[in-house]
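Asks: Test case, fold it:
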Amino acid sequence: MPDPTIPAQVQSLVEQLGQPRPMRRGSVSERYVKCNKEGCACRHQADARHGPYYSVSRVVKGRTRSRWLDAEQAKLVRQQIEAGQQFRKQLESYWQACEHWADAQLAEAASATGAAQKRGSRRHSRARSPPKSPRS
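Replies: From the prediction side, this is the model:
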């Protein structure tokens with residue numbers, strides 16, 4: 001049974017985030033390479049290069065980690081990366097909803113205690129020293 005003190009939007013986002021699914025960070029690259037072997041067409045023609053060769057890359061502790069993939073794996077990894085990006089968007093929405101909830105709680109607490117509103121005080125002008133004469 002959901003907690004009635006939790007806003008419906010926050011509860012909905014918690015349920016979405018709690019659903020496990022395979023996801024990953026990084027990007028998939030598709031490459032066509034030139035082998036430079038004597039007599040190979042790729043040496044002189046850009047459209048005759050070998051490939052496609054796929055790899056997934058991401059940065060781990062400041063270093064790029066890559067892994068070679070075949071075409072089927074590349075398709076699956078792209079879906080996993082998309083799921084990871086969607087998860088990040090949901091997580092950001094969750095943060096925003098929780099902050100909105102926290103602001104509402106803060107406003108409610110302030111009105112319940114009858115906290116005085118900050119009005120500020122009058123500014124007093126500071127005494128200025130007289131300007132220096134050009135002769136000194």
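
Asks: Can you mark which positions in stretch 95-113 are buried?
Replies: Residues 97-98 are the ones in stretch 95-113 that count as buried (16 or more other CB atoms under 10 Å). C-beta: built from backbone N, CA, C; applies to glycine.

Asks: pull the CA atoms of it into CSV?
Replies: What follows is stretch 95-113, C-alpha atoms only, in CSV (Å, rounded to 0.1, in the frame of the first residue of the first chain):
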residue,chain,number,x,y,z
TRP,A,95,15.2,14.6,-8.3
GLN,A,96,13.0,17.5,-9.5
ALA,A,97,9.8,16.0,-8.0
CYS,A,98,11.6,15.3,-4.7
GLU,A,99,12.9,18.9,-4.5
HIS,A,100,9.4,20.3,-5.3
TRP,A,101,8.1,18.1,-2.5
ALA,A,102,10.8,19.3,-0.1
ASP,A,103,10.0,22.9,-1.0
ALA,A,104,6.3,22.3,-0.3
GLN,A,105,7.2,20.7,3.1
LEU,A,106,9.4,23.7,3.9
ALA,A,107,6.7,26.2,3.1
GLU,A,108,4.2,24.2,5.1
ALA,A,109,6.5,24.2,8.1
ALA,A,110,7.1,27.9,7.8
SER,A,111,3.3,28.7,7.7
ALA,A,112,2.6,26.3,10.6
THR,A,113,5.1,27.9,12.9
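
Asks: Could you list which residues are in contact with the residue lying closest to Pro22 once chain neighbours are set aside?
Replies: Closest residue to Pro22 apart from its sequence neighbours, by CB to CB, 6 or more residues apart in numbering: Gln80 at 5.4 Å. Applying CB atoms under 8 Å, 6 or more residues apart in numbering, we find Gln80 in contact with 22-24.
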